[in-house]
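S.K.: Build the 3D model from these lines:
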Amino acid sequence: MWPFLVLSAAFVLIALLLPAVPQPVAYHDFADHRAFIGIGNFIDVASNGAFLITGFIGLFVVWQRRGHFEQFAESIPYFAFFLGVGLTAVGSAYYHLAPDNERLFWDRLPMTIAFMSLIAAQLNERIGGRLVRSPLVPLLAVGVASVVYWIATERGGAGNVVPYVVLQAYAVGALLVLAAGYPSRYTRGNDILGVFAAYLVAKALEHFDQQVLAIGHLVSGHSLKHVAAAVAGLLVCRMLCLRRPVGARQD
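M.R.: Numbering: from 1, shown residues only. The predicted structure is shown next:
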């Protein structure tokens with residue numbers, strides 16, 4: 001568990017020591033402003049339907065106990081994960097209707113719930129009670145606090161988005177450390193690397209928002225980012241449906 005603890009401590013120090021950086025205003029200026037049926041930024045808004053679909057599918061998988069959980073408690077972080085994914089559809093659609101910092105808060109909050117819940121799920125399956133018996137609540141508390149702190153500093157006139165950005169990087173690093181250093185108690189444990197790959201694709205599409213739109217002027221990189229991020233959630237669904245406890249008989 002030491003690599004995970006060292007990683008966690010390092011990211012806490014980074015969040016505390018880096019100078020404050022406000023949310024760049026230019027962040028809200030996405031490439032595709034086209035309206036349809038009276039809705040501005042229509043494709044950026046509508047593409048959030050991918051999150052809603054993934055959230056519903058994932059909640060069904062968890063609710064029906066199709067994830068082959070050895071204990072009921074192990075399903076709770078996944079329930080929170082897919083709930084966060086589904087709520088991201090609502091928060092992100094609301095944000096993209098009229099992008100600004102206040103609406104961005106409602107976009108980031110459910111996303112944070114999703115990725116912190118996924119870390120909690122992986123901790124349960126790879127480390128369990130050796131590190132912390134119930135990791136979901138403290139991880140969610142830290143995630144929510146990072147978003148609340150960011151919007152509070154923005155409202156106070158001295159915005160600081162650094163803790164939130166560091167937390168996002170921490171989530172990626174934590175999943176990689178857990179995947180590389182701690183075998184899962186279930187088969188398909190390495191499927192989490194596919195989730196990481198989909199996340200990287202989503203970030204690349206977000207970065208090349210304008211350039212993607214310039215290819216045929218059909219859809220922007222940010223709209224496709226929503227789809228790629230939703231695919232990451234579907235990969236978690238697939239992992240849950242196909243996996244079995246390690247050593248269990250394969251029918």
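S.K.: quick one, longest helix in the protein?
M.R.: Taking DSSP state H as the criterion, the chain has its longest helix at helix 101-126.
S.K.: Following the chain onward from it, which element is next?
M.R.: helix 136-155 (DSSP states H and E).
S.K.: List the buried residues in that next one.
M.R.: 136, 139-140, 142-143, 146-147, 149-151, 153-154 (16 or more other CB atoms under 10 Å). C-beta: built from backbone N, CA, C; applies to glycine.
S.K.: So what does Gly216 look like in phi/psi?
M.R.: Phi and psi for Gly216, reported as degrees, to the nearest 10, are phi 80, psi -10.
S.K.: Name all residues that make contact with it.
M.R.: If you count contacts by CB atoms under 8 Å, 6 or more residues apart in numbering, Gly216 has none.
S.K.: Which strand or helix spans Ala171?
M.R.: With secondary structure defined by DSSP H and E, Ala171 is part of helix 162-181.
S.K.: Need the contact partners of that helix.
M.R.: 3-4, 7-8, 11, 14-15, 18-21, 108, 112, 115-116, 118-119, 122-123, 126-127, 142-143, 146-147, 149-150, 189-190, 192-193, 195-196, 199.
S.K.: which of those residues are buried?
M.R.: 4, 7-8, 11, 15, 108, 112, 115-116, 118-119, 122-123, 126-127, 142-143, 146-147, 149-150, 189, 192, 195, 199.
S.K.: Do I have it right that Val21 meets Ala158?
M.R.: No. Using CB atoms under 8 Å as the test, Val21 is too far from Ala158 to be in contact (10.6 Å).
S.K.: Could I get the pLDDT score of the residue nearest the centre of the chain?
M.R.: Centroid check for the chain by CA atoms, centre = their mean gives Phe115 as the closest residue, at 3.7 Å. At Phe115, the model reports a pLDDT of 93.
S.K.: Kindly confirm whether my reading is correct that it touches Val142.
M.R.: No. Taking CB under 8 Å as the definition, Phe115 is not a contact partner of Val142, at 11.5 Å.
S.K.: The closest residue to His28 other than its chain neighbours: what secondary structure?
M.R.: The shortest distance from His28 to any residue other than its chain neighbours is 3.8 Å, reached at Pro99 (CB to CB, 6 or more residues apart in numbering). Following DSSP: H, G, I helix; E, B strand; the rest coil, we place Pro99 in the coil state.
S.K.: so where's the stretch 51-200 of the chain uncertain?
M.R.: In the predicted model of the stretch 51-200 of the chain, residues 66-67, 129-133 satisfy pLDDT under 70.
S.K.: any idea how far the nearest residue to Leu18 once chain neighbours are set aside is from Ala46?
M.R.: Excluding its sequence neighbours, the residue lying closest to Leu18 (CB to CB, 6+ apart) is Val162, at 5.0 Å. Distance of Val162 to Ala46, computed by CB to CB, to the nearest Å: 32 Å.
S.K.: swap in Val219?
M.R.: Look at Val219 and Ala46: by CB to CB, they are 10 Å apart.
S.K.: go on, Ile119?
M.R.: Using CB to CB, we find Ile119 at a distance of 30 Å from Ala46.
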